[in-house]
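Student: Generate a structure from the sequence data that follows.
(one chain, ligands or ions: 1)
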Amino acid sequence: MPLRPRYTGLIDRYRDRLPVHDDTRIISLGEGNTPLIRLNNIPRIIKKSVDIYIKYEGLNPTGSFKDRGMTMAVTKAVEEGSRAIICASTGNTSASAAAYAARAGISAFVLIPEGKIALGKLAQAMIHGAVVLQIKGNFDQGMDLVKQVGKQTPITIVNSINPFRLQGQKTAAFEILEELGGAPQFHCIPVGNAGNITAHWMGYKEYHEHGIVNDLPRMVGYQASGAAPFIRGKMVDTPETVATAIRIGHPQSWDKAWSVQKESNGWFDECTDPELLAAQKMLTEHEGIFCEPASAISLAGAMKDIAAGKIPEGSKIVCTLTGHGLKDPDTAIKQSTRGVIPTAANLDAVKHTILENLK
Ligand SMILES: *Cc1c(COP(=O)(O)O)cnc(C)c1O
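Tutor: As a prediction, the model looks like this:
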């Protein structure tokens, strides 16, 4: 049996579809190529015959899909001679920027909102050596500041307004099409700044336009009820949700995402915090898949729209799980039903607890 070539990251894999040259120095950590996992138990539990696939983006090198965009953004920044990158972040962009900047040997500056960043993400930005500026404001205010810095200094912005980010992120759609042998009927995805829904649609359309596939999915974007500008039809000034990754009131890709909705004949919908937390827990307890709260909204929304008949039975659905559950250990521990059971260090006590807790 011949040995297969090693997977070296999404830029190498999709070189012919990405804006890189033969001699471009690629800054990669082996991102992409994430698992597409078919749910076995949840469709049975909700008593619906639907084919739900989870695109587990939490298995990227820094634990979120942001790495797909960051490998491209940092590769291009270095190619253009930039020595520093900057971003505003609810957490995952800063974690990813910090890691790829370390890999490239350049500086990373990250602006994070005070108090509302998940612990794992903060730890990542700090340990990779980024300069972490905690501002007394939310993501949207941080984003405004970063744009001004970008205008007045040669530092490269690596938020999703950087067009190379979306180029990298579109490869998630390529992987789904290749693995399923065509498009799902529905692609359900969390929406914050709406860069990722836009990037996926770019990827789907690209394979369709080149005749690689014949069909396209309907794109369905979900927002947390307290941070749902696409559902309110206008910007939200004080976004609030436990799903900190999508606690965004002024989405940067507003117009682009509305085009995605129209072109794909999809829609936007909202879920409450209890709904998305319930979906996170269902995934961990019944499928063994651990994602962060923001990610679970794709499944929470899908289940709601399946129940409402908007997504009919018999459909093939892909739900993107954008980030790993370990990003937000505080919420995970709060969500745990059993907690830990204090037990004496003797066999009788251990046996007693086992017998009381068998499934
Ligand atoms: C960034 C992020 C999102 C939102 O993606 P957008 O491109 O801003 O819409 C959702 N979930 C997680 C975990 C994220 O890190």
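
Student: quick one, phi/psi of Q252?
Tutor: Here is the backbone geometry of Q252 (degrees, to the nearest 10): phi -70, psi -30.

Student: what about it, distance to G192?
Tutor: Q252 sits 9 Å away from G192, taking CB to CB, to the nearest Å as the criterion. Just so you know, the C-beta spots here come from the backbone N, C-alpha and C atoms, and that holds for glycine as well.

Student: Mind checking which residue lies nearest the centre of the protein?
Tutor: With distances taken as CA atoms, centre = their mean, T322 lies nearest the centre of the chain, 2.3 Å away.

Student: What helix or strand is the closest residue to it other than its chain neighbours located in?
Tutor: In this structure, T322 finds its nearest non-sequential neighbour in S295, 4.4 Å apart by CB to CB, 6 or more residues apart in numbering. In this assignment (DSSP states H and E), S295 forms part of helix 293-307.

Student: name the helices or strands packed onto that helix?
Tutor: Under the contact definition 3 or more CB pairs under 8 Å, 6 or more residues apart in numbering; DSSP states H and E, helix 293-307 sits against strand 51-56, strand 186-190, strand 218-224, strand 267-271, helix 273-287, strand 316-321.

Student: Recalculate using a threshold of 7 Å.
Tutor: With contacts defined as 3 or more CB pairs under 7 Å, 6 or more residues apart in numbering; DSSP states H and E, helix 293-307 has these neighbours: strand 186-190, strand 218-224, strand 267-271, helix 273-287, strand 316-321.

Student: With just CA atoms, put that helix into PDB.
Tutor: Once non-C-alpha atoms are left out, helix 293-307 reads as follows in PDB (Å, rounded to 0.1, in the frame of the first residue of the first chain):
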ATOM      1  CA  PRO A 293     -22.000  27.700  23.400                       C
ATOM      2  CA  ALA A 294     -21.900  29.900  20.300                       C
ATOM      3  CA  SER A 295     -21.300  26.900  18.100                       C
ATOM      4  CA  ALA A 296     -24.200  24.900  19.500                       C
ATOM      5  CA  ILE A 297     -26.600  27.500  18.100                       C
ATOM      6  CA  SER A 298     -26.300  25.900  14.700                       C
ATOM      7  CA  LEU A 299     -27.800  22.700  16.000                       C
ATOM      8  CA  ALA A 300     -30.300  24.500  18.400                       C
ATOM      9  CA  GLY A 301     -31.500  26.500  15.400                       C
ATOM     10  CA  ALA A 302     -31.700  23.400  13.100                       C
ATOM     11  CA  MET A 303     -33.700  21.400  15.600                       C
ATOM     12  CA  LYS A 304     -36.100  24.400  16.000                       C
ATOM     13  CA  ASP A 305     -36.600  24.800  12.300                       C
ATOM     14  CA  ILE A 306     -36.900  21.000  11.800                       C
ATOM     15  CA  ALA A 307     -39.700  21.000  14.500                       C
END
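
Student: which parts of it are buried?
Tutor: By neighbour count on 16 or more other CB atoms under 10 Å, the buried set for helix 293-307 is 293-306.

Student: The protein against the ligand: which residues are in contact?
Tutor: With CB under 6 Å from any ligand atom as the criterion, the chain meets the ligand at residues 64, 66, 92, 160, 190-196, 245-246, 292, 294-295, 322-323.

Student: So how do I select the buried members of these in PyMOL?
Tutor: Of these, the buried ones go into a single PyMOL selection, burial set by 16+ other CB under 10 Å:
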select buried, resi 64+66+92+160+190+191+192+193+194+195+196+245+246+292+294+295+322+323
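
Student: And this protein, what are its domain boundaries?
Tutor: 10-63+165-334, 66-162 (automatic domain parsing).

Student: With distance to M1 and mean pLDDT added, can I get those domains in CSV?
Tutor: As requested, the domains of the chain are exported to CSV (distance: least, CB to CB, whole Å; pLDDT from 0 to 100):
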stretch, distance to M1, mean pLDDT
domain 10-63+165-334, 20, 97
domain 66-162, 30, 96
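
Student: Kindly reformat those domains as JSON lines containing distance to V350.
Tutor: Below are the domains of the chain laid out as JSON lines (distance: least, CB to CB, whole Å):
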{"stretch": "domain 10-63+165-334", "distance to V350": "23"}
{"stretch": "domain 66-162", "distance to V350": "31"}
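
Student: P2 is nearest to which of those?
Tutor: Checking these against P2 by CB to CB gives domain 10-63+165-334 as the closest, at 18.5 Å.

Student: For F65, which non-adjacent residue is spatially closest?
Tutor: Sequence neighbours aside, E57 is the residue nearest to F65 in space, at 3.9 Å (criterion: CB to CB, 6+ apart).

Student: hang on, I meant V242
Tutor: Nearest one to V242, counting by CB to CB, 6+ apart, is D273 at 4.6 Å.

Student: ok, now Q185?
Tutor: Using CB to CB, 6+ apart, the closest residue to Q185 is S315 (4.6 Å).

Student: quick one, what contacts that neighbour?
Tutor: Applying CB atoms under 7 Å, 6 or more residues apart in numbering to S315 gives the contacts V50, Q185, F186.

Student: Would you agree the second one is in contact with K316?
Tutor: Yes: using CB atoms under 7 Å, Q185 is in contact with K316, at 5.4 Å.

Student: and A84, how far is that from R44?
Tutor: On the measure of CB to CB, A84 and R44 end up 51 Å apart.

Student: end-to-end on stretch 318-327?
Tutor: Stretch 318-327 has its terminal residues 22 Å apart, counting by CA to CA, to the nearest Å.

Student: Other residues contacting that stretch?
Tutor: Contacts for stretch 318-327 (CB under 7 Å, 6+ apart): 52-58, 63-65, 91-92, 118, 120-121, 176, 184, 187-190, 196, 245, 284, 289-292, 294-295, 298-299, 302, 332.

Student: Great, nothing more from me.
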